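[1] here is my input, please return the structure:
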Amino acid sequence: MHGAGVIEKIEDRKILGETRRYYVLKIPCGDMEVMIPTDNSGQIGIRSVVSEEHLTQVLDMMEEGSSVMPNNWNRRFRENMDKLKTGEIENVAEVVRNLMRVDREKKLSTGEKKMLANARQILISEIIMVKNVDQETASDMISAAV
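    Residues are numbered from 1 along each chain as shown. Sure thing, here's the model as predicted:
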């Protein structure tokens, strides 16, 4: 849910009396640092960034038609949140594409605006890591694809 990052170090930390080993990730967007326990990193969605070829396929997918979504914003919000929680880049791109298009036709709810901003940041961070571009260029790539 934070986007792509680089593992800068692995360190042991004592939290609430328990010493655990953590990955310390640097997230390029927002200059954020995230700590993730190494023992359950697979369960919480840590994965390698996608290949450049895979990213190209994802951006191509964003040019396709929107997915069928519920008209009710609350139901649409829940479905999109479930997609984001998978951590799969295709799902994140689908949420970005669909919400950007809904926003063009009618205004999004406040919750969906925040969701779109978060999903867009996740996708931007992946593009930055794969393409080695700056944040503005990555954002432009998304806008051009949609």
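
[2] longest helix anywhere in the chain?
    helix 110-131 (DSSP state H).

[3] what about it, distance to the chain center?
    From the chain centre to the centre of helix 110-131 is a distance of 5 Å (CA atoms, centre = their mean, to the nearest Å).

[4] what residues sit buried inside that helix?
    Buried residues in helix 110-131, counted by 16 or more other CB atoms under 10 Å: 112, 115-116, 118-130. The way it works is simple: take the backbone N, C-alpha and C, and place the C-beta from them, glycine included.

[5] likewise for stretch 135-146?
    Result for stretch 135-146 [16+ other CB under 10 Å]: buried residues 138-139, 141-142, 145-146.

[6] report the central residue of the chain.
    Ile122 (2.6 Å; CA atoms, centre = their mean).

[7] which residues are contacting stretch 52-61?
    Residues from elsewhere that reach stretch 52-61 (CB atoms under 8 Å, 6 or more residues apart in numbering): 50, 89-90, 93-94, 97, 126-127, 130-131, 141-142, 145.

[8] of these, which is the nearest to Lys107?
    Arg97 (17.4 Å; CB to CB).

[9] what is the host helix or strand of that closest one packed up against?
    Arg97 belongs to helix 89-105 when assigned by DSSP states H and E. Here helix 89-105 touches helix 52-61, helix 73-86, helix 110-131, going by 3 or more CB pairs under 8 Å, 6 or more residues apart in numbering; DSSP states H and E.
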